[in-house]
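> Quick one, structure for this:
(chains A and B)
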Amino acid sequence: MLPAKARLRRQADFADTIRQGRRSGRPALVVSLLTADGAHAVADPARVGFVVGRRVGGAVVRNRIRRRLRHLLADRLGLLPSGSRVVVRVLPGAERLPASELSRELDTLLTRVVR
RNA sequence: CGAGCCGGCCGGGCGGCCGCGUCGGGUUGCUCCAGAACGGAGCGCCCGCCGAGGAAGGUCCGGGCUCCACAGGGCAGGGUGGUGGGUAACGCCCACCCGGGGUGACCCGCGGGACAGUGCCACAGAAAGCAGACCGCCCAAGGCCUCCAGAACGUGCCGGAGACCGUGGGUAAGGGUGAAACGGCGGUGUAAGAGACCACCAGCGCCCGAGGUGACUCGGGCGGCUCGGCAAACCCCACCCGGAGCAAGAUCAGACAGGAAGCGCUGGAGGGCUGCUCGCCCGAGCUUCCGGGUAGAUCGCUGGAGGCUGUCGGCAACGGCAGCCCGAGAUGGAUGGCCGCCGGUGCGGCGUCGGGCGGUCCAGCCGUCCGGCCCGUCCACAGAACCCGGCCUACAGGCCGACUCGUCCG
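Got it, this is the predicted structure:
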């Protein structure tokens, strides 16, 4: 799981990241990344948030996909630029992917976005 | 053994690696406060405890809790509806009564009132509520026709019988329709019939006796002989209900910018959280439009109508007493992720082994069925958000117990 410091908590963080960040998508996921601009944020670790719409499924399904992704992101926090913010949007269908495919999808999107 | 019925319970298990949240403890890590010292706070790190459900769900009832100054009367509105009990309370639960279903264990019932009133009863049917009568049955007089007879023939007339036609009257037994048709059956009776009368039965009303806290049941007598259903139509009766909801509410921090119009300042605008009204009370601001700002932290927040065991009372729901235990508190929202093994159950596999049957004289081979093993696949419904008591809905599979019916054995 993600430690508490690495989570996006505020509505404004989500809105900024999705609107201004670099975005890359696949049929299952969409990843947005916003790198830190000011010098004040360089010391902070990267922070991650998830958007799972109601169309994905019921509460149980949405919780599960979010947990799986959170575990995957926790292993990859070191790859992200420090101070950056990441939002992962989950599209319907992602919950049916097996673990290996889900991690592969996430990796391609992350490398594309980080560049 | 088979079929059924009722109740209770579980709803994956074990292991490896890596993680998350609250709380408690430690800290020779870093920063800050305080500084003589003990120390305190935050961020880390280490250790330990605990960490989703039977429905956490739908949000349909009932409460606790919080705020609305007090929570008063009437009307309106809403809800409930056999009886007795349980409970904080309920629309819930238990027991019983009544009605219906089942051979039975059991199951089902939104179960007050239709002489307080208004209204409705589709289709069919003559007629759907208070009286009436479509077909039919019967009687009377009339018209017309046929037949018989008056010893023969023709015509007419008188008499008798019958069919048909319309008229007047008597009937409600029969027909047919319907969810429901003015009691059922037998007899007396009659022109035909009819509770017109009689016996029995059903139903209604009244009285008496017995049992029960009661709903009600059982028994006896009398009466007039019979009077439909729908209140989940309005309605009537009895009882219950103030409103909003944890985004309740409280504290702290922080931000901003006001302007215009209208009404009013104690003979009073406006307000007291569903409407109207009476009463009581608060009361100097209120309403609309334009423009601007904030939506952070802490508390509420989990120990409670709490669980488990024993015992006593009670048919039971449940309650009393005693002992033991502490079982989530997140806030972009923890309670998990990846993998392996085991366990289930159904499906597929022409994979493999064994057996039965059929084809061929046999072996072999082929077809089909059953069982074991292996491989693959599948293993439900569903995620706490202030907390409880219920209801309803969803749900793969499994376990336990009581009882009923049928068959067989002793």
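
> which residues does A:Leu72 contact?
The contact partners of A:Leu72, by Cβ atoms under 8 Å, 6 or more residues apart in numbering, come to A:102-103, A:106. For every residue, glycine as well, the C-beta is placed using N, CA and C.

> State the distance from it to RNA strand B.
7 Å (Cβ to the nearest atom of the strand, to the nearest Å).

> repeat for A:Arg89
For A:Arg89 relative to RNA strand B (Cβ to the nearest atom of the strand), the value is 8 Å.

> Report the contact partners of that residue.
Neighbouring residues of A:Arg89 by Cβ under 8 Å, 6+ apart: A:18, A:29-32, A:50-53.

> A:Leu106 now?
Contacts of A:Leu106 by Cβ under 8 Å, 6+ apart are A:29, A:31, A:69, A:72-73, A:76, A:88.

> Look up which helix or strand it falls in, please.
Using DSSP states H and E, A:Leu106 maps to helix A:99-114.

> How far off centre is stretch A:10-20?
Centre-to-centre, stretch A:10-20 and its host chain are 12 Å apart (Cα atoms, centre = their mean, to the nearest Å).
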